[in-house]
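Trainee: I'd like to go over a predicted model; first the sequence, then the structure.
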Amino acid sequence: MSDLFLLSPLQMSKIEPFFPRSHGVPRVDDRRVVSGIVYVLKHGLQWRDAPPAYGPHKTLYNRFRRWTEMGVFDKIFSHLAAESGPPDTLMIDATHLKAHRTACSLLKGGHPRHIGRTKGGLNSKLHAICDGEGRPLFMCLTAGQTSDHVGAKILYPTLPEHGDTLMIGDKGYDSDQYRQALKAKGISACIPPRKGRNSPAAFCKTQYKQRHKVENMFAKLKDWRRVATRYDRRADVFMAAIIIAAIVIWWL
């Protein structure tokens, strides 16, 4: 694989079935364009600063934007993650992603933004559930001030409904309601109790030590500079960048 093409032919073969069919004029080389999109997102460039070898920057941006709106990247991520089979261990956590001033500027069209203010300034919050190997399975984006419990509630419908599954989370997810909801799906909880609980729940400290894997997952995502810092005003466009990073890092 050359320095220009960041995805090998084998990797492309896994995602090409999800690409929309071209109509009329044949589409520009998909491998080159997708590699250009990956390059921009990973290195945190403005689209106009993409290396000329990937073609016109407008082609890269238009393809990224159009396929985001069509849900192409969502379908690729969901399919590849599902191929790993039902997980025995799940881990849930959330992290803040700093919003650049360009992401906070005025936005027309009424698209959701999911940017909020916290002690760290304006940011968004990425909620994620990963498997026992630290690979993301389900993710959602909210405003920065959104609590972990709200993120867990949004992700709850995606959880599998079968027994012998363990959910590991930190104290931020300690609530009777969430524990009961997990139990309803046959999922056992490994969540340390918060201080001051009248009836603190027991948890396995050995199992809880695995939680570093979800922290490592966030660290790897933030190695992609357009994920670590949000430049996109639209939440769906920013989320597409996160999904592409997850696909390339773990599922290809």
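Mentor: Good, I have the coordinates. All of these numbers come straight from a predicted model, not from anything done at the bench. Numbering: from 1, shown residues only.

Trainee: And residue 229, its phi and psi?
Mentor: phi -120, psi 130 (degrees, to the nearest 10).

Trainee: Was I right to think it contacts residue 44?
Mentor: Yes: with contacts counted by Cβ atoms under 8 Å, residue 229 reaches residue 44, the gap being 6.8 Å. To be clear about C-beta, it is placed using only N, CA and C from the backbone, and glycine gets the same treatment.

Trainee: Going along the chain, name the strands of the stretch 101-250 of the chain.
Mentor: 116-118, 121-131, 136-143, 165-168, 187-190, 229-230 (DSSP state E, counting those that start in this stretch).

Trainee: Any chance of CSV for the ones you listed, columns mean pLDDT?
Mentor: As requested, these are exported to CSV (pLDDT from 0 to 100):
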stretch, mean pLDDT
strand 116-118, 93
strand 121-131, 97
strand 136-143, 97
strand 165-168, 96
strand 187-190, 95
strand 229-230, 97
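
Trainee: could I get those strands as JSON lines with mean neighbour count?
Mentor: Shown next, in JSON lines, are these (neighbours: other Cβ atoms under 10 Å):
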{"stretch": "strand 116-118", "mean neighbour count": "14"}
{"stretch": "strand 121-131", "mean neighbour count": "22"}
{"stretch": "strand 136-143", "mean neighbour count": "21"}
{"stretch": "strand 165-168", "mean neighbour count": "21"}
{"stretch": "strand 187-190", "mean neighbour count": "19"}
{"stretch": "strand 229-230", "mean neighbour count": "22"}
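
Trainee: out of those strands, nearest to residue 82?
Mentor: Closest to residue 82 of those, according to Cβ to Cβ: strand 136-143, at 8.5 Å.

Trainee: So what touches that closest one?
Mentor: Outside strand 136-143, the residues that touch it by Cβ atoms under 8 Å, 6 or more residues apart in numbering are 81, 84, 87, 90, 113-116, 124-131, 150-151, 154-155, 158-159, 217, 221, 235, 238-239, 242-243, 246, 250.

Trainee: partners of it in the sheet?
Mentor: strand 121-131 (antiparallel) (DSSP bridges).

Trainee: hey, C-alpha coordinates of the strand it pairs with in CSV?
Mentor: This file holds the C-alpha atoms of strand 121-131, laid out as CSV (Å, rounded to 0.1, in the frame of the first residue of the first chain):
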residue,chain,number,x,y,z
GLY,A,121,-15.7,25.7,28.2
LEU,A,122,-17.8,24.9,25.2
ASN,A,123,-17.7,21.2,24.2
SER,A,124,-19.6,18.1,23.2
LYS,A,125,-19.8,14.8,25.0
LEU,A,126,-19.3,11.5,23.4
HIS,A,127,-21.0,8.5,25.1
ALA,A,128,-19.8,5.1,24.1
ILE,A,129,-20.1,1.4,24.8
CYS,A,130,-17.3,-0.9,23.8
ASP,A,131,-16.7,-4.6,24.0
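
Trainee: quick one: average pLDDT of stretch 23-30?
Mentor: Mean pLDDT, stretch 23-30: 81.

Trainee: Pull the distance from that stretch to the chain's centre.
Mentor: Relative to the centre of its chain, stretch 23-30 is centred 29 Å away, using Cα atoms, centre = their mean, to the nearest Å.

Trainee: Can you show me the helices along this protein?
Mentor: Using DSSP state H, the helices found in the chain span residues 9-15, 30-43, 57-69, 72-82, 148-155, 176-184, 205-208, 212-221, 225-228, 235-246.
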